[in-house]
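1. From the sequence below, what's the structure:
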Amino acid sequence: MDKFELQRLRDLPIEGVAERLGLQVSRHKCLCPFHADNHPSLSFKVSRNTYRCFVCGESGSTIDLVMKCLNKPFLDACRWLADENNIILAEYKPEEEKPAKPFDALRYERFFVRPWLSEAARRFLFDERKLDERVVRWCRLTSWRDKRGTDWLQIPYYDREGQLVGIQNRNLCPGATPRFRFPGGSRCGIYNLPVLNLLRPREPLYITEGSSDCWAMLSAGHKAIAIPSATLLKPKDIEQLSTLNSQLSTEFHMYPDHDEPGERLFLQLRQFLPHLQHHQLPLGCKDFGEYYLRVRN
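-> Predicted coordinates for the structure are as follows:
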């Protein structure tokens, strides 16, 4: 992990990190998790991307907040931040002295011809997420187990023509790190692009944050694509969405995550999708996946 990656983690919006840690931020303040706090005394300074409690004196950056809230050492806190925001750290990449290999689609395509789901994967997808089995089949989700006995969910990324362009591996062991792994050369940008070929004129298309919310949206009966995360909208993704906006006769819709990064993402998307429609999540629902579970239950 080099200094540029560390700076990238420190530059993540501090209030968004706090929200992901379960803190309820309002007007740049929240209850301090480091002492018995009855009135919000933890203050966020957005301009400097820092926090400070004026009662107990705790202060620091995004990494400090994760370390102290989750009681993690420095490296584990960095990994948690990276995993939560789909940031691939150098320690997960091939050695620098070796040239990066292009993604070998032929090597992995066979895994998705007849997808197989372990018991851990079935619990995650059907018991915890309550997903429609037809959606799991459509997305060709499969699973595998590494030499240590850890179960992983394999999430394939296809371009609009149905060509495999990347794979995201999700760790199914709760709290384990790393949470995600990507084979060398994977291009995990806009997710579920083949659904565009099924769109009817003027049919709504939903944009979600991450593949999990996309599965929930599909299971709810809507057509949806997903971007990696609120803090990882790449220029290439923006260009692709702008092109789709000019090519498709569709209406774009979005349920932004119920936190500052989610709302900021909506505003960013609105700059090149001017007719993007905003839908408000109910109170108590952090993202569409939680809303979907509430409706299902």
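2. all strands of the stretch 101-250 of the chain, in order?
-> With strands called from DSSP state E, counting those that start in this stretch, the stretch 101-250 of the chain shows them at 142-145, 151-158, 164-171, 180-181, 204-209, 223-227.
3. Relative to the shortest one, what are the paired strands and their orientations?
-> It stands for strand 180-181. Next to strand 180-181 in the sheet, as set by DSSP bridges, lie strand 164-171 (antiparallel).
4. Run the chain-centre distance for the partner strand.
-> The chain centre lies 13 Å from the centre of strand 164-171; the measure is CA atoms, centre = their mean, to the nearest Å.
5. shift numbering so it begins at 53
-> Sure, I'll start counting at 53 from here, so that last one is strand 216-223.
6. With only the CA atoms kept, save that strand in CSV.
-> Provided in CSV are the C-alpha atoms of strand 216-223 (Å, rounded to 0.1, in the frame of the first residue of the first chain):
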residue,chain,number,x,y,z
LEU,A,216,-17.4,-11.7,-20.0
VAL,A,217,-15.2,-8.7,-19.1
GLY,A,218,-14.6,-9.1,-15.4
ILE,A,219,-15.3,-11.0,-12.2
GLN,A,220,-15.9,-9.8,-8.6
ASN,A,221,-15.3,-12.4,-5.9
ARG,A,222,-17.2,-11.7,-2.7
ASN,A,223,-16.2,-13.3,0.6
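7. Would you map the helices across the stretch 103-252 of the chain?
-> Ranges of helices within the stretch 103-252 of the chain are 114-122, 126-136, 157-161, 171-174, 185-190, based on DSSP state H, counting those that start in this stretch.
8. so can I have JSON lines of the ones you listed showing mean neighbour count?
-> For the C-beta atoms, the positions are set from N, CA and C on the backbone; glycine is no exception. Output for the helices of the stretch 103-252 of the chain, formatted as JSON lines (neighbours: other CB atoms under 10 Å):
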{"stretch": "helix 114-122", "mean neighbour count": "20"}
{"stretch": "helix 126-136", "mean neighbour count": "20"}
{"stretch": "helix 157-161", "mean neighbour count": "13"}
{"stretch": "helix 171-174", "mean neighbour count": "16"}
{"stretch": "helix 185-190", "mean neighbour count": "15"}
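9. could the ones you listed be laid out in CSV, adding distance to Arg104 and mean pLDDT?
-> Shown next, in CSV, are the helices of the stretch 103-252 of the chain (distance: least, CB to CB, whole Å; pLDDT from 0 to 100):
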stretch, distance to Arg104, mean pLDDT
helix 114-122, 11, 91
helix 126-136, 18, 86
helix 157-161, 47, 91
helix 171-174, 41, 95
helix 185-190, 44, 96
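10. TSV for those helices, including distance to His87?
-> Output for these, formatted as TSV (distance: least, CB to CB, whole Å):
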stretch	distance to His87
helix 114-122	11
helix 126-136	20
helix 157-161	50
helix 171-174	38
helix 185-190	45
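11. To Tyr343, which of these lies closest?
-> helix 185-190 (16.1 Å; CB to CB).
12. which outside residues touch the closest one?
-> Pro167, Leu169, Leu177, Phe178, Trp267, Leu270, Ser271 (CB atoms under 8 Å, 6 or more residues apart in numbering).
13. and the gap between Ile66 and Phe96?
-> The gap separating Ile66 from Phe96 is 5 Å, by CB to CB, to the nearest Å.
14. Find residues that contact each of those two.
-> Common neighbours of Ile66 and Phe96 (CB under 8 Å, 6+ apart) are Thr102, Tyr103.
15. so how many other residues sit close to Ile207?
-> 22 (other CB atoms under 10 Å).
16. residue contacts, it?
-> Cys191, Leu193, Ile219, Gln220, Asn221, Arg222, Tyr243, Ser263.
17. can you rerun that using 7 Å?
-> Residues in contact with Ile207 (CB atoms under 7 Å, 6 or more residues apart in numbering) are Leu193, Ile219, Gln220, Arg222, Ser263.
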